[in-house]
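A.B. asks: give me a 3D structure for the following:
(one chain, ligands or ions: 2)
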Amino acid sequence: MISVEQHLERILASVEPLRPSRLRLLDAQGCVLAEDIEALVDLPGFDNSAMDGYAVGQEEVMGADREHPVYLDVVGDIAAGDTRRITLPPGRTYRIMTGAPVPDGAEAIVPVEDTDGGVDVVAIRDEPLPGRHIRRTGDDVRRGDIVARCGTRLGPRQLAVIAAAGHGDVVVIPPPRVVVISTGDELVEPGILPGLGQVVDSNSLMLVAAVRELGALPYRVSGVADDAETFLRTLQSQLVRADAIITTGGVSMGAFDVVKEGLSRLGTVHFDQVAMQPGKPQGFGTIGRDDTPVFTLPGNPVSALVSFEAFVAPALRVMAGRSAREGELVRATVTDGWTSPAGKVQYARVYLTRTPTRHQVRLAGAQGSHILGGLAEANALAVVPADVTEVCVGDVLPCLPIGPVEDAREEQGGPA
Ligand code: AMP
Ligand code: MG
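C.D. replies: Ligands and ions are numbered 1, 2, ... in the order given. Next comes the predicted model:
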């Protein structure tokens with residue numbers, strides 16, 4: 001039996017960030033930049049108005065106030081998107097809209113609110129400070145500035161500044177393509193009511209969703225028959241579109257555990273008992289010309305999910321150029337004790353809640369590795385160390401959130 005840490009270390013030692021590629025901006029959402037991004041243009045690209053108002057020369061409006069308005073002829077309108085190069089004639093004004101280019105010779109914008117809004121002649125009722133309400137060329141970003149650094153993960157705000165700076169695509173670590181393969185003669189497709197001996201293939205659905213939630217690109221291959229040849233053939237045929245492969249089922253000690261049987265023949269995938277509950281039977285290795293990583297997860301749904309969180313998610317993040325662990329484990333106080341097996345790390349399905357001063361945690365339903373209902377209700381996995389057999393009220397446990405964490409309600413307060 002090996003420890004959780006040993007298994008994870010082995011996995012992380014054999015995965016690395018994918019080769020960078022150029023993607024359209026929206027396809028790069030969530031990806032890590034593999035280059036510094038330089039601004040190709042100034043931002044703003046031209047002096048423009050920050051207000052709807054009137055573009056004026058400083059001289060003309062000197063001394064204007066409510067009692068002594070200055071009257072100016074309005075030459076015309078300048079709207080946002082106006083591409084004319086315009087010069088302001090002395091003693092006159094243009095009506096100008098927010099974002100429109102400021103005409104040459106204009107020294108300030110008088111907001112509509114400080115005028116009578118005139119169309120042919122306008123009464124200016126306030127003297128603006130020089131430069132007032134003009135957004136100057138390059139006062140946000142200068143051409144040649146780095147607007148996003150290599151290693152930055154691209155969210156909405158980073159994509160916005162990169163686009164504004166003149167780029168339509170970027171070089172990033174692409175999202176890993178992950179093929180999820182479920183095995184088992186008993187499996188039927190979601191939406192089909194299973195007959196005696198049949199089970200809906202919920203694992204491949206769950207794992208595809210988990211892969212997608214992590215920002216990777218899943219492909220689903222469901223219900224491969226319990227036959228080693230068929231399984232190996234399926235696996236080989238999927239390599240072309242896989243940066244990683246996840247299988248579920250067929251790795252325990254049964255007579256039809258074909259994942260183990262088939263992959264053991266290749267010699268590059270190793271099967272171990274990992275000292276954890278659930279999720280003891282684990283396999284990992286690489287196959288094919290490109291040494292594609294293969295994670296063979298147990299078939300029991302809870303075991304599959306726990307294994308994904310403990311081993312697959314960290315590896316996929318590394319392949320995407322991110323940190324293996326994002327977000328700290330949350331330390332939470334136990335409000336209702338439970339038991340834990342000796343010598344194994346327990347990943348207990350729990351409710352994690354927040355009070356003003358701390359996080360607290362209690363079990364979410366029954367804990368069998370086939371219990372999907374409890375898994376769906378849980379919002380965290382509490383990690384109970386291998387040497388602990390009794391989790392007591394008041395103990396503090398590290399928890400891995402797997403869903404949104406809400407405020408504790410009064411009655412869940414529990415002992416301090
Ligand atoms: P196995 O690891 O193949 O022996 O499967 C262990 C248990 O998990 C069995 O009860 C299977 O029916 C169940 N199981 C296996 N694969 C899936 C799946 N894709 N979806 C839901 N349950 C599954
Ligand atoms: Mg099976």
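
A.B. asks: give the contact list for the closest residue to ligand 1 within the stretch 151-300 of the chain.
C.D. replies: Sorted by distance to ligand 1 under Cβ to the nearest ligand atom, the residues of the stretch 151-300 of the chain start with residue 299, at 2.4 Å. Using the backbone N, CA and C atoms, a C-beta is placed for each residue, glycine as well. Contact analysis of residue 299 by Cβ atoms under 8 Å, 6 or more residues apart in numbering lists 183, 184, 203, 248, 249, 250, 251, 252.

A.B. asks: show me where the stretch 201-350 of the chain has strands.
C.D. replies: Ranges of strands in the stretch 201-350 of the chain, per DSSP state E, counting those that start in this stretch, are 217-224, 244-248, 269-273, 276-277, 281-287, 292-297, 330-334, 338-339, 345-354.

A.B. asks: as JSON lines, the ones you listed with mean pLDDT, distance to residue 117 and mean neighbour count would be great.
C.D. replies: Output for those, formatted as JSON lines (pLDDT from 0 to 100; distance: least, Cβ to Cβ, whole Å; neighbours: other Cβ atoms under 10 Å):
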{"stretch": "strand 217-224", "mean pLDDT": "97", "distance to residue 117": "54", "mean neighbour count": "18"}
{"stretch": "strand 244-248", "mean pLDDT": "98", "distance to residue 117": "63", "mean neighbour count": "27"}
{"stretch": "strand 269-273", "mean pLDDT": "96", "distance to residue 117": "76", "mean neighbour count": "16"}
{"stretch": "strand 276-277", "mean pLDDT": "98", "distance to residue 117": "72", "mean neighbour count": "23"}
{"stretch": "strand 281-287", "mean pLDDT": "97", "distance to residue 117": "72", "mean neighbour count": "21"}
{"stretch": "strand 292-297", "mean pLDDT": "98", "distance to residue 117": "67", "mean neighbour count": "25"}
{"stretch": "strand 330-334", "mean pLDDT": "98", "distance to residue 117": "57", "mean neighbour count": "19"}
{"stretch": "strand 338-339", "mean pLDDT": "97", "distance to residue 117": "72", "mean neighbour count": "14"}
{"stretch": "strand 345-354", "mean pLDDT": "98", "distance to residue 117": "52", "mean neighbour count": "24"}
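
A.B. asks: quick one: closest of the ones you listed to ligand 2.
C.D. replies: Minimum separation from ligand 2 across the strands of the stretch 201-350 of the chain (Cβ to the ion) falls at strand 244-248, 8.5 Å.

A.B. asks: quick one: is that closest one near ligand 2?
C.D. replies: No. Applying Cβ under 5 Å from the ion, one finds strand 244-248 separated from ligand 2 by no less than 8.5 Å.

A.B. asks: next one: that strand to chain centre, how far?
C.D. replies: 21 Å (Cα atoms, centre = their mean, to the nearest Å).

A.B. asks: give me the phi and psi angles of residue 123.
C.D. replies: phi -90, psi 120 (degrees, to the nearest 10).

A.B. asks: ok, it touching residue 115?
C.D. replies: Yes. Residue 123 lies in contact with residue 115 (Cβ atoms under 8 Å); the separation is 6.0 Å.

A.B. asks: which residue does the stretch 251-400 of the chain have closest to ligand 2?
C.D. replies: Proximity of the stretch 251-400 of the chain to ligand 2 (Cβ to the ion) peaks at residue 299, 4.8 Å away.

A.B. asks: mind checking pLDDT for residue 120?
C.D. replies: On the pLDDT scale, residue 120 is placed at 98.

A.B. asks: make that residue 105, sorry
C.D. replies: 97.

A.B. asks: contacting residues around the residue nearest to it when sequence neighbours are not counted?
C.D. replies: Taking Cβ to Cβ, 6 or more residues apart in numbering, and ignoring the residues beside it in sequence, residue 105 has residue 88 as its nearest neighbour in space, at 4.0 Å. Neighbouring residues of residue 88 by Cβ under 8 Å, 6+ apart: 55, 56, 57, 75, 94, 103, 104, 105, 106.

A.B. asks: and the gap between residue 88 and residue 94?
C.D. replies: 6 Å (Cβ to Cβ, to the nearest Å).

A.B. asks: what does residue 122 give?
C.D. replies: Residue 122 is 10 Å from residue 94, by Cβ to Cβ.

A.B. asks: which residues do those two both contact?
C.D. replies: Residues touching both residue 122 and residue 94 by Cβ under 8 Å, 6+ apart: 54, 74.

A.B. asks: so what's the residue count around residue 21?
C.D. replies: Using other Cβ atoms under 10 Å, residue 21 has 15 neighbouring residues.

A.B. asks: beta partners for it?
C.D. replies: Under DSSP bridges, the beta-bridge partners of residue 21 are residue 172.

A.B. asks: hmm, residue 321 and residue 15 touching each other?
C.D. replies: No. The criterion here is Cβ under 8 Å, and residue 15 misses it with residue 321 at 11.3 Å.

A.B. asks: hang on, the earlier thing: which residues do residue 88 and residue 94 both contact?
C.D. replies: Contacts common to residue 88 and residue 94, judged by Cβ under 8 Å, 6+ apart, are 55, 75, 103, 106.

A.B. asks: can you name the residue of the stretch 1-150 of the chain nearest ligand 1?
C.D. replies: For the stretch 1-150 of the chain, Cβ to the nearest ligand atom, closest residue to ligand 1: residue 7, 17.3 Å.

A.B. asks: contact partners of the host helix or strand of that residue?
C.D. replies: Here residue 7, judged by DSSP states H and E, is contained in helix 4-13. The contact list for helix 4-13 (Cβ under 8 Å, 6+ apart) reads 272, 274-276, 282, 284, 293, 295, 310-311, 314-315, 318, 324, 345.

A.B. asks: is there any residue in stretch 244-251 that contacts ligand 1?
C.D. replies: Yes. Against ligand 1, stretch 244-251 shows contacts by Cβ under 6 Å from any ligand atom at 248, 249, 250, 251.

A.B. asks: any weak-confidence spans in the stretch 301-416 of the chain?
C.D. replies: Across the stretch 301-416 of the chain, the ranges flagged by pLDDT under 70 are 410-416.

A.B. asks: not counting sequence-adjacent ones, nearest residue to the one residue in it that gets nearest to ligand 1?
C.D. replies: Per Cβ to the nearest ligand atom, residue 301 is where the stretch 301-416 of the chain lies closest to ligand 1, at 5.3 Å. Closest residue to residue 301 apart from its sequence neighbours, by Cβ to Cβ, 6+ apart: residue 372 at 5.2 Å.
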